[in-house]
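S.K.: Provided below for reference: sequence and predicted model.
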Amino acid sequence: MTTTTLAVLVPLLPFLGAVAGLLLGRTAPGFVRPLAVLPTLASLVLAVLVAARQGGDRAVDAVTELTPTGSVPVELALHIDGFAALVAVLVGCVATCVQIYSTGYLRDDPRYPSYAALVSLFTSAMFLVVYSGDLMVLLVGWEIMGICSYFLVGHYWETSEARAASLKAFLVTKLGDVPFLIGLLALATEAGSFRITKILGAVASGSLDHPTLIALLLLAGVAGKSAQFPLHTWLPDAMAGPTPVSALIHAATMVAAGVYFVARLLPLFEASQAAMVVLAVMAAVTMVGSALAALAQDDIKRVLAYSTIGQLGYMTGALAAGDRGAAVFHLLTHGAFKALLFLAAGVIIHAAGTNSLAAMSRMRGLRDRVPDAYWTMTVALLALAAIPPFSGFFSKESVLGVAEHVATGHTEHAPGAAGWTVLVAGLLTALLTAAYATRLWLLAFRGRGTEAPDHGRQPVVMNAVLWVLALPSLALGGLAFRLLPDWFDGHDLTPTLTTSVLGTGVALVGGIVTYAAWRHTTALAARPPLGAVAAHPEGDAALVEAEAIASHEPAYGDIAYAPDPSDPGRLLLGPLHRHAAVGFHLDAVYTALFVRPVQAGASLVRFLDREVVDTYVRAAGTLPRWLGAAARRAQTGNVQTYVSALLAGTVVLAVAAVLVATGA
């Protein structure tokens, strides 16, 4: 088969698997798991073959017109360069691992058939985004992922948290998609095509009249889909869904789509210095703010969610520095170790026998109970903290190296201000990332909280997936920058000495300081009584419950919330902790600026409709109703009454006739 045929089958097979899974889920439940795993696995194999044939050389292009539109044509087009080939392999690998893992994680879930079908559809949509050479077709995959995330995040719809989280994810991402669609239409109008190659040609020739406006409109959609400031608030709440879904969204789909889109059209953004500066500021605020928030969270999945937001900030920072190679390199390594982190967290949660039990304050003795999760999560956290020789070190240093290159004026692709912004924020985030990664490891595996119930060893299939993902988390970065330079536009991704020393140095400082703070708090804190609420370090026990509610901490039945007294996060953040724990009150700001005004407007409309419009309608019907009532009373059905009325009328008419005649 040709490369084009293989590429078409990559998104098609999971789509067919999703349709078959939905149709056979109830009538033939034995086919559900094979239909979930095998099409996705086949797509992974085909994506590897496509990547091998593409080989990092000239892009593979194929196109056929979908239908005549009368203006700008919409075409079924493929555009597979080295970036697309590698990202597709990542998507297939993570999706296959998630599907295999889910067969054990959700083995007793009655809604597993619909879940598996939605994951397959989600995967198919991301493949469509990756391979598409036409922006309108890309938009189809973009929006399918949005609706799939709505259903998957709300999988446990019996809980109010899942319902609210799914609705929030859908609305916030749609808030960014509206200007995104306007930007796509404006771009196609000025370029005369939705084809990516033709758009890039128009950018190169300077044919676009409003590149800054178009770039900023597109960035709004990217911020929503990739959870960048200020549209990142949906991602931490999305942890209410099943943990494998979190791994899929955070590692290979949905949030990766926005970064990948900017990488696809980077010359368009480079055509506007203002857009590059905005992208750099957005990345810097996202990186630092999310890292601070992660250091204050108690729920292990929310820590990882804020971590994803920050790592995506690194990717957008590399794009703001004008280097899509470094951005996609970090996207690949991050996909491996972040999928591992979430799936390892899923093993911990599954060991407790519940989906929501993820508070690190209640974890104790997990090192011996879940040894596979312990060792593999340790590898993933070292990669996240960018400690050499783990994969995250090489990709993160490539981002910092690019930023340093731009800051010192060695490139014209991005302004120097963007380089300095990304470099300073990146180093500060490296410090904070190592701090919250160390804190997570200490609290999860050496914590002193209330011990959760032991539900035995986890399914072999779940632990096996962890070890599969541990390999790229350990070695992908070191192999990629040596073996795959041609796949990244030929850019040298070797870490530079300056940023390597600075980045690794601040990461080690962050980890050591956090460990020292943990030792200090451990020495000072007394172990809290089992089932009792420990006194707050500031002497306000009520504040603990308030902060738990504000940060969406899960309920634990009849066992009261007991924070781990050895948590170093409060000591490190000080008075900033209570603000960081609730995401710096950004949700409250949105509620004040948007939610309450909309609710007030809705109340006003309802009042006007009921008290004004309905009043006129009721008044218009009053007179006919009175006339009808009078006529109804006259219709008695009594013949004598009718004859009497007839005679009375005759007399009246006769008298009137006499009077008229006499007057005449």
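M.R.: That came in fine, so what should we check first?
S.K.: rest of the way, CA atoms for contacts and neighbours
M.R.: OK.
S.K.: Let me know the next secondary structure element after the helix or strand of the chain with the lowest mean pLDDT.
M.R.: Least confident element among the helices and strands of the chain, by mean pLDDT, DSSP states H and E: helix 541-550 (a mean of 39). Using DSSP states H and E, the helix or strand that follows helix 541-550 in sequence is helix 569-573.
S.K.: where exactly do the helices run in the stretch 251-400 of the chain?
M.R.: Taking DSSP state H, counting those that start in this stretch to define them, one finds helices in the stretch 251-400 of the chain at 255-264, 266-270, 273-294, 300-320, 324-351, 366-369, 371-384, 391-407.
S.K.: Spit out the contact partners of the closest residue to A271 other than its chain neighbours.
M.R.: With C-alpha to C-alpha, 6 or more residues apart in numbering as the criterion, A271 has its nearest non-adjacent residue at 6.5 Å, and that residue is P211. Shown in contact with P211 (C-alpha atoms under 8 Å, 6 or more residues apart in numbering): 268-269, 271-272.
S.K.: Now flag whichever of the residues you listed is closest to V74.
M.R.: The shortest gap between V74 and any of the contacts of P211 belongs to L268, at 20.1 Å (C-alpha to C-alpha).
S.K.: Stretch 250-262 - what's its average pLDDT?
M.R.: Throughout stretch 250-262, pLDDT has a mean value of 93.
S.K.: Repeat that for stretch 169-177.
M.R.: The pLDDT scores in stretch 169-177 average 94.
S.K.: ditto for stretch 424-436
M.R.: This predicted structure assigns stretch 424-436 an average pLDDT of 97.
S.K.: How many neighbouring residues does V259 have?
M.R.: By the measure other C-alpha atoms under 10 Å, the count of residues near V259 is 24.
S.K.: In terms of pLDDT, where does the closest residue to A380 other than its chain neighbours sit?
M.R.: Leaving out its chain neighbours, the residue that sits closest to A380 by C-alpha to C-alpha, 6+ apart is F337, at 5.0 Å. Per-residue confidence (pLDDT) for F337: 96.
S.K.: what sits against L217?
M.R.: Residues near L217 by C-alpha under 8 Å, 6+ apart: 179-180, 182-183.
S.K.: That one and V262, how far apart?
M.R.: Taken as C-alpha to C-alpha, to the nearest Å, the spacing of L217 relative to V262 amounts to 12 Å.
S.K.: V617 - how many residues pack around it?
M.R.: Around V617 sit 10 other residues, with neighbours defined as other C-alpha under 10 Å.
S.K.: Relative to R610, how far out is it?
M.R.: From V617 over to R610 the distance is 10 Å, taken as C-alpha to C-alpha.
S.K.: And stretch 657-664, how far out from the chain middle?
M.R.: Relative to the mean C-alpha coordinate of its chain, stretch 657-664 is positioned 93 Å out (C-alpha atoms, centre = their mean, to the nearest Å).
S.K.: Name the residues of that stretch that come out as buried.
M.R.: The neighbour-count check on stretch 657-664 (16 or more other C-alpha atoms under 10 Å) flags nothing as buried.
S.K.: can you list the weak-confidence ranges in this structure?
M.R.: Scanning the chain for pLDDT under 70 picks out 352-357, 365, 448-457, 481, 525-566, 664.
S.K.: Pull up the distance across stretch 488-499, start to finish.
M.R.: Stretch 488-499: ends 20 Å apart by C-alpha to C-alpha.
S.K.: mind listing what's buried in it?
M.R.: Judged by neighbour count (16+ other C-alpha under 10 Å), stretch 488-499 contains these buried residues: 488-489, 493-496, 499.
S.K.: Which residues outside it are in contact with it?
M.R.: Contacts of stretch 488-499 with the rest of the structure, by C-alpha under 8 Å, 6+ apart, involve 56, 82-83, 324-326, 329, 394-395, 397-398, 400-401, 404, 481-482, 485.
S.K.: Tell me the one among the contacts of P211 nearest to A238.
M.R.: Of all the contacts of P211, F269 has the smallest distance to A238: 29.6 Å, by C-alpha to C-alpha.
S.K.: Which of the contacts of P211 ranks first by neighbour count?
M.R.: Counting by other C-alpha under 10 Å, top hit in the contacts of P211: F269 with 27 neighbours.
S.K.: Let me see the contact set for that one.
M.R.: Applying C-alpha under 8 Å, 6+ apart, one finds that F269 lies in contact with 211-212, 215, 262, 275-276.
S.K.: Quick one, which of the residues you listed are buried?
M.R.: 211-212, 215, 262, 275-276.
S.K.: Turn the residues you listed into JSON lines, columns for distance to R302.
M.R.: Listed next are the buried ones among the contacts of F269 as JSON lines, based on distance: C-alpha to C-alpha, whole Å:
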{"residue": "P211", "distance to R302": "37"}
{"residue": "T212", "distance to R302": "35"}
{"residue": "A215", "distance to R302": "31"}
{"residue": "V262", "distance to R302": "26"}
{"residue": "A275", "distance to R302": "30"}
{"residue": "M276", "distance to R302": "30"}
